[in-house]
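Q: Could you work out the structure for the sequence below:
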Amino acid sequence: MGARIGVVGSNMVDLITYIDRMPAAGETLAAPRFAMGHGGKGANQAVAAAKLGAEVMLVSRVGDDLFGGGTIKNFQDLGIDTRHVRAVPGTQSGVAPIFVEASGENRILIVKGANEHLLPADVDAAAEDLKGCALILLQLEIPLETVYHTIAWAAEAGIPVLLNPAPAVPELDVARILGASFLVPNQTELTILTGMPAETRDQAEAAARTLVARGIRQVLVTLGAEGALLVTAEAAEHVPSVRVTPVDTSGAGDAFIGAFAQHYVAHGDTLEAMRWGARYAADSITRPGTQMAFATRAQFRG
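A: Got it, this is the predicted structure:
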């Protein structure tokens, strides 16, 4: 195992409906298949890293409903440290209805539930354990104040942070995330954060450069089938993806980040970690689901 990864983030129960097409307003369609699985951006990233052999601790909140206990057990079965994963009384677990088209493309809604109750005080309560981490992963399915607090605390503690600004919100205060070592948006999230187009690689680079100019050290843009782009003050580096036939693209970005984190804390090489993450993400979309689609280290050949 490499150094420990801390994840301060969300968990969800994925409610996945496979469809031939989205219904029009007022229309009812029969769907060919439904599945349930464990998800949520924080949980997905933690699981991807753990499946690849990293030591992972998670700070998260579940509901006190029928999903909460199963979510915690899933983490424990995967070897994730759950000492700071707790149920919030009287609260529902987060859920994510996901609609997957025949092409593999997806549309996702999230109901945050207990994730809204992950507070700065919970990070403080986990601080002694987080101090043993080589990297902390954050996303935006938890309160923004908790994200800001964690970045500020980690900066004081000298621990690098990777922020995945997903789902992107225009109210994210860039000035309060400058302590993050890595900002990892996809193209849509990059557009929301900057107000600039990011459909092409050149557009994504230009948009990312505006964030670098504001003080973000490393902007790492995931480009879907085109791989990923690293933009710093010094250079821009493109890492291609692996061409595969997609079955379900749900969770691909989380697979990339979890694999990137696992490789980065083990080897400290950003570009190689990106290449590893891009290959792992491509592998994940050849199977249905999110966490269930993530390969173990023994299964993944890289």
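Q: and the gap between Phe300 and Ala281?
A: Look at Phe300 and Ala281: by Cβ to Cβ, to the nearest Å, they are 11 Å apart. C-beta: built from backbone N, CA, C; applies to glycine.
Q: So between the two, which is more surrounded?
A: Ala281 (29 against 16; other Cβ atoms under 10 Å).
Q: Report pLDDT for the closest residue to the more buried one other than its chain neighbours.
A: Closest residue to Ala281 apart from its sequence neighbours, by Cβ to Cβ, 6 or more residues apart in numbering: Phe256 at 4.0 Å. Phe256 carries a pLDDT value of 97.
Q: Can you verify Phe256 is assigned to a helix?
A: Yes. Counting by DSSP: H, G, I helix; E, B strand; the rest coil, Phe256 is part of a helix.
Q: ok, the least confident helix or strand in the chain by mean pLDDT: who's next to it in the sheet?
A: Ranked by mean pLDDT, DSSP states H and E, the weakest helix or strand in the chain is strand 106-108, scoring a mean of 89. Paired neighbours of strand 106-108 in the sheet (DSSP bridges): strand 95-100 (antiparallel).
Q: Dump the C-alpha coordinates for the strand it pairs with into PDB.
A: The C-alpha coordinates for strand 95-100 follow below in PDB (Å, rounded to 0.1, in the frame of the first residue of the first chain):
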ATOM      1  CA  VAL A  95     -29.700   9.300  -3.500                       C
ATOM      2  CA  ALA A  96     -28.800   9.700  -7.200                       C
ATOM      3  CA  PRO A  97     -31.300   8.800  -9.900                       C
ATOM      4  CA  ILE A  98     -29.300   8.000 -13.000                       C
ATOM      5  CA  PHE A  99     -30.600   7.600 -16.500                       C
ATOM      6  CA  VAL A 100     -28.300   5.800 -18.900                       C
END
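Q: Could you pull out the buried residues of it?
A: If you call a residue buried by 16 or more other Cβ atoms under 10 Å, then strand 95-100 has these buried ones: Val95, Ala96, Ile98, Phe99, Val100.
Q: Need the contact partners of it.
A: If you take Cβ atoms under 8 Å, 6 or more residues apart in numbering as the criterion, strand 95-100 is touched by 12-19, 22, 39-40, 67, 106-111, 113, 248, 250, 288.
Q: any idea how far it is from the chain center?
A: With Cα atoms, centre = their mean, to the nearest Å as the basis, strand 95-100 stands 16 Å off its chain's centre.
Q: now swap in stretch 238-257 and tell me
A: 13 Å.
Q: Buried residues in that stretch, which are they?
A: Buried residues in stretch 238-257 (16+ other Cβ under 10 Å): 238-239, 241, 246-257.
Q: And for stretch 31-41?
A: Gly37, His38, Gly39, Gly40, Lys41.
Q: Would you mind writing the CA trace of it as PDB?
A: Provided in PDB are the C-alpha atoms of stretch 31-41 (Å, rounded to 0.1, in the frame of the first residue of the first chain):
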ATOM      1  CA  ALA A  31     -37.400   1.100 -19.600                       C
ATOM      2  CA  PRO A  32     -35.500  -2.200 -20.300                       C
ATOM      3  CA  ARG A  33     -33.500  -2.400 -17.000                       C
ATOM      4  CA  PHE A  34     -33.000  -1.000 -13.500                       C
ATOM      5  CA  ALA A  35     -30.200  -1.400 -11.000                       C
ATOM      6  CA  MET A  36     -29.200  -0.100  -7.600                       C
ATOM      7  CA  GLY A  37     -25.600   0.500  -6.400                       C
ATOM      8  CA  HIS A  38     -23.400   2.500  -4.100                       C
ATOM      9  CA  GLY A  39     -22.300   5.900  -5.400                       C
ATOM     10  CA  GLY A  40     -21.700   9.500  -4.600                       C
ATOM     11  CA  LYS A  41     -18.700  11.400  -5.800                       C
END
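Q: what residues does it touch?
A: Contacts for stretch 31-41 (Cβ under 8 Å, 6+ apart): 9-20, 47, 70-71, 74, 94, 96, 98, 115, 139, 141, 164, 166, 250-251, 254, 288-292.
Q: which of those residues are buried?
A: Buried among the contacts of stretch 31-41 (16+ other Cβ under 10 Å): 9-16, 18-19, 47, 71, 74, 94, 96, 98, 115, 139, 141, 164, 166, 250-251, 254, 288-292.
Q: Give me the subset of these that lies in helices.
A: Members of those lying in helices (criterion: DSSP state H): Val47, Thr71, Asn74, Asp254.
Q: Might one say that Ile19 is in contact with Glu27?
A: No. Contact criterion Cβ atoms under 8 Å: Ile19 and Glu27 do not qualify, at 11.9 Å.
Q: possible to save the buried residues of strand 95-100 as JSON lines with distance to Val212 and pLDDT?
A: Below are those laid out as JSON lines (distance: Cβ to Cβ, whole Å; pLDDT from 0 to 100):
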{"residue": "Val95", "distance to Val212": "36", "pLDDT": "96"}
{"residue": "Ala96", "distance to Val212": "31", "pLDDT": "90"}
{"residue": "Ile98", "distance to Val212": "33", "pLDDT": "90"}
{"residue": "Phe99", "distance to Val212": "35", "pLDDT": "94"}
{"residue": "Val100", "distance to Val212": "35", "pLDDT": "91"}
